[in-house]
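Participant: how would this look folded up:
(chains A and B)
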Amino acid sequence: MALYGQKQFHIVNHSVPREDGFDKVTGRATYAADIKYPNMIYAAMLRLVGVASAKVTKIDTSKALKLAGVLAVFTADSFPKMKSWARYFYITDTVRYVGDVIAIIAAETYAIAEEAKKLIHVTYEELPAVFDIREAMKEGAHPVHEEYPDNIFTDSIYTLRKGDTEKGFEQADLIIERTYETQYAEHAYIEPEAVVASEDSSNGEMTIHASAQNPFFTRRYVADILQIPLNRVHIIQETLGGSFGGKEEGVGLLAARAAFVCHVLHRPVKMVYTREESILESSKRHPFLLTYRAGVKKDGRIVAWEATQIGNSGAYNNQTQFLNWRACAHCAGAYDIPNIKSKTFGVFTNNVHSGAFRGYSSPQLLFAQEQFIEEIAEELGMEPLKLRLINCLRDGSTVATGAKVSEVLLPDIIEYTAKQTDYTKKYEQNKTQSGRIRKGIGMAISHRGCGYGAESPDAAGAFLIVNEDASVLLHSGIAENGQGLKTVYCQIAAEALGVPYENIRFFGTDTHRIPDCGMTVASRGTVMGSQAVKKAGEKLNLILREHACTLGFFDSGKGGAPNDRIAQDLVLREGHIFDPSYHEYQVPLADVTNIALWKGLNMAAYEWHVPDPCIQEHDTQQGRAFPTYSYTCVVAELEVDTGTGEVTLKNVHSSHDVGTAINPALIKGQIYGGIVMGWGYASMEEVVLKNGIVGSRNLDEYLIPTAMDMPNMKVSIFECDDNSGTYGAKSVGEPAIECVAAAIANALYNATGRRIRCNPAGLENVLIGRKLW
Amino acid sequence: MQKLKFVLNGKCVEVEVEGCARLIDVIRENLGLTGTKEGCGIGECGACTVIIDGDAVDSCLYPALRAQGKNVTTIEGLAKDGRLSALQQAVLDHHALQCGFCTPGFIMSATALLNKNPKPSREEIKNAIAGNLCRCTGYEQMIEAVLDASGQTEIDNDSA
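Facilitator: Presented below is the predicted three-dimensional model:
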């Protein structure tokens, strides 16, 4: 048992206050929509909205152009290129989904730009379309893209082969197969996307203030549309009002559109999505159609597992291939199964494109896998907890990719959480209840590969500068998304450098100040992205101790020591340099830096970290997919009104092995937030699409949980001795959500005896077992 | 254009506004206070919450001219001489924010609550902030912060 509290650190492993907290509680924090330039204009986007597949034949802009205050109307013809480097369209004349932009209006005010939209007359021919992935895969279905005639996104196919499933199924006493389906879900970050573009005409530099999750990623779009080098594009990430994977491609497109209008009209341009536009154009959580087949021995051992995982990519590829790689690696849940065969792929449809969303496929897969495990248990007549414990990963197990895992706390976490919640007793009691209000308890477990793994090199850099007053500036290309990254990075820098936390400032990510460090995704920021921060801190710590020696602070006699000291004899901690043998003599760091500057000594360190490679064999996906895994167990308790289908989530206990808790309060915030977001996904959140038309247009129709919906929450943080991540830290941002909907679905079954195999569990789904629309 | 005069964060302000102007636009655009945020424009998310004569109000739904002669407080009006209000400090202490976009609206709703009800229960707090959507925090630390700001502390049983 290793609950938080056993480790010894000075600054990490403590709940220090947020680096950006003061600005955020006073309203001073600047978000992209708050930026204003003199002479600034506004641009608005025109879409067909009511048609998901069409060829635009004519756009009559004459009336709009006559409206006072309208400066220009851009259509596909007026853009230098329609298609971005990443296949989406800045603007298009062929609509493949309702979010596609067909015209952009620039005007003196936002209101005029919006008014002008109504004066534009569009003529179009409606084209055939396909919306359901089963339909899209049928012969003769309308191809969304000419390059993919059968709509299967071939670049996103991943197949995994571990052991021999044929033999495994032969050995099985029982074979069981089930299919599950998940829905479109919206990120619903509270800040709608916003960008402000401004060009310096003297040197052609384009500056963009953006609500960008990944400033370097956004930069590619701007350089692409303007066809200028990356060093002429300056992206400043303003305070980001939530993202969860959603402000990637969409913000890139928005930034490029603003940059182009700004470049043509020679005026700063602001573009802000309305909530309706944000829901319309931005990516969604991939809906998945998931079929699992398992071969099981009577004693509960799972000996064979087959998975078919099909994602609805929507109209454009938005990271489907990367997401599917992760889905492939996690195709068999947190279980040690000797024989596994799986196929994962995406299918194009004329729906909103699916993209990255917290979990990157795991909430979908686990919704199915963790219910499937319980369905297997039921067929075997075994308690689901027992089945999990028989098969779950533990020290020495091999995951689906064949790699061995160690330091696995999963069995401990499961048993601890079950005990804390009195799971077994309640589970049995609930099965025999009667009456209108029924109680349910459900469990789900997971393992999650930390960081990019074999998807991409998980490399990043960091730059630390000490000033003469011993204050420190930290630069990183990994960005604050609201999760607390600045705080965690300042803690790690302070720990490694040996200065107080308050001395470090990480003011923000800006593409002119640091190399591209990859994206702030995959819950990689703490586990891997910050390795370079630690390295730079350690390097600078040594440099400053050397300076203390060079400048004579530790010559013989100083502090009573008989000999001259070298850097290796000294310690720099909490802003003081000292010789542990003569520790009463402490030199404040500022005394050293103040002289070092004027002596021309280096007071900065830049480091780049590349973790050990993760390599897999492509056709079988066997090999080391991730440096390490986070482990999770969630138990949810709820009540169902069997008269109305209303579900009240009462209690959720969420236990996580985070390796080392860099900042426990921030971790709790991630987990609480993940529980509530997961509850929304399980019960009320669905972007309703009918023939590709988005029916949930604003937050009155797309409902997310409020404070009145939240359950009582209990968080247990476990730590272990796995040192793969920075100071032993592992991922938590995505683990926090991934098991929640699965645990709720299992609790619903425990309460009602009805399996919800199609998420979410809205009233009618709970009551009659299907959705009504 | 019509003249609008009201008290904003303790100071008298006067602006010329269109008859249809929304209070949020007057605060953000005309008066330059950008702490008040717009998240949905239809009064669902509460990011634009301000306090008008003691009540928490969605400024995106509020016609600016209705504020004539009234007392309006925004997030910028809470700290006095650089000192945070007890609630602002509690929000920091409890890590009751993440991305921060909903934070001003939430703080305004909770401030209006505490002004009327200095010792609210957990349920009363939930009710008061039910109109403030937060996608990051799961609300738990927000509620703890409001309880703390009102001098009520809850025993934290969590293993962290």
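Participant: got the domain boundaries for the chain?
Facilitator: If you meant another chain, say so; for now it's chain A. Listed domain ranges for chain A are A:21-28+A:459-609, A:32-128+A:193-272, A:284-453+A:618-768 (source: automatic domain parsing).
Participant: oops, chain B please
Facilitator: If you go by automatic domain parsing, chain B breaks into B:2-76, B:86-149.
Participant: A:F260 is nearest to which of these?
Facilitator: Smallest distance to A:F260 across the domains of chain B (Cβ to Cβ): 25.0 Å, for domain B:2-76. C-beta: built from backbone N, CA, C; applies to glycine.
Participant: winner for burial among the domains of chain B?
Facilitator: Per-stretch averages of neighbours, counted by mean count of other Cβ atoms under 10 Å in any protein chain shown, single out domain B:86-149 among the domains of chain B, with a mean of 23.
Participant: mind putting the domains of chain B in a markdown table, mean pLDDT included?
Facilitator: What follows is the domains of chain B, written out as a markdown table (pLDDT from 0 to 100):
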| stretch | mean pLDDT |
| --- | --- |
| domain B:2-76 | 98 |
| domain B:86-149 | 98 |
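Participant: a markdown table for those, including distance to A:K425?
Facilitator: Putting the domains of chain B into a markdown table (distance: least, Cβ to Cβ, whole Å) gives the following:
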| stretch | distance to A:K425 |
| --- | --- |
| domain B:2-76 | 41 |
| domain B:86-149 | 26 |
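Participant: nearest to A:P384, out of those domains?
Facilitator: Shortest separation from A:P384 across these is recorded for domain B:86-149, at 26.2 Å, computed as Cβ to Cβ.
Participant: quick check: A:Y124 is in a strand.
Facilitator: Yes. Residue assignment for A:Y124, taken from DSSP: H, G, I helix; E, B strand; the rest coil, places it within a strand.
Participant: what are the phi and psi values at residue 5?
Facilitator: Defaulting to chain A. Backbone torsions of A:G5, given as degrees, to the nearest 10, read phi 130, psi 0.
Participant: look at chain B instead
Facilitator: With angles defined as degrees, to the nearest 10, B:K5 shows backbone torsions of phi -120, psi 130.
Participant: how much space is there between it and B:A64?
Facilitator: For B:K5, the distance to B:A64 under the criterion Cβ to Cβ, to the nearest Å works out to 11 Å.
Participant: again with A:E374
Facilitator: Computed as Cβ to Cβ, the A:E374 to B:A64 distance reads 56 Å.
Participant: if we can go back for a sec, and of the domains of chain B, who's closest to A:V521?
Facilitator: Of all those, domain B:86-149 sits nearest to A:V521, with 15.9 Å by Cβ to Cβ.
Participant: that closest one near chain A anywhere?
Facilitator: Yes. Using Cβ under 8 Å from any Cβ of the partner chain, we find that domain B:86-149 touches chain A at B:88, B:91-95, B:97-104, B:107, B:125-127, B:129-143.
Participant: just the strands in chain B please.
Facilitator: Remark: strands of chain B, listed N- to C-terminal, are B:2-8, B:11-17, B:49-52, B:55-58, B:71-73; assignment by DSSP state E.
Participant: now do the contacts for whichever residue of chain B sits closest to chain A.
Facilitator: Among the residues of chain B, B:G35 lies nearest to chain A; the distance is 2.1 Å by Cβ to the nearest Cβ. With Cβ atoms under 8 Å, 6 or more residues apart in numbering or on different chains as the criterion, the residues that contact B:G35 are A:T26, A:G27, A:R28, B:T74, B:I75, B:E76, B:P104.
Participant: can you give me the pLDDT of the residue lying closest to it once chain neighbours are set aside?
Facilitator: Once flanking residues are discounted, B:G35 sits nearest to A:G27: 2.1 Å by Cβ to Cβ, 6 or more residues apart in numbering or on different chains. Note on A:G27: pLDDT of 98.
Participant: again, but for the one 5 residues further on
Facilitator: At A:A32, the model reports a pLDDT of 98.
Participant: in this structure it contacts A:P215, no?
Facilitator: No. At 11.3 Å, A:A32 does not count as touching A:P215 under the criterion of Cβ atoms under 8 Å.
Participant: quick one, longest helix in chain B?
Facilitator: Scanning chain B for the longest helix, with DSSP state H as the assignment, gives helix B:103-116.
Participant: so who does the spatially closest residue to A:G673 that is not a sequence neighbour touch?
Facilitator: Computed as Cβ to Cβ, 6+ apart, the closest residue to A:G673 that is not its neighbour in sequence is B:G138, at 4.3 Å. Listed by Cβ under 8 Å, 6+ apart, the contact set of B:G138 reads A:G669, A:I671, A:Y672, A:G673, A:G674, A:I675, A:V676, A:M677, A:M710, A:M713.
Participant: so how many other residues sit close to the second one?
Facilitator: A:I671 has 32 neighbouring residues, counting by other Cβ atoms under 10 Å in any protein chain shown.
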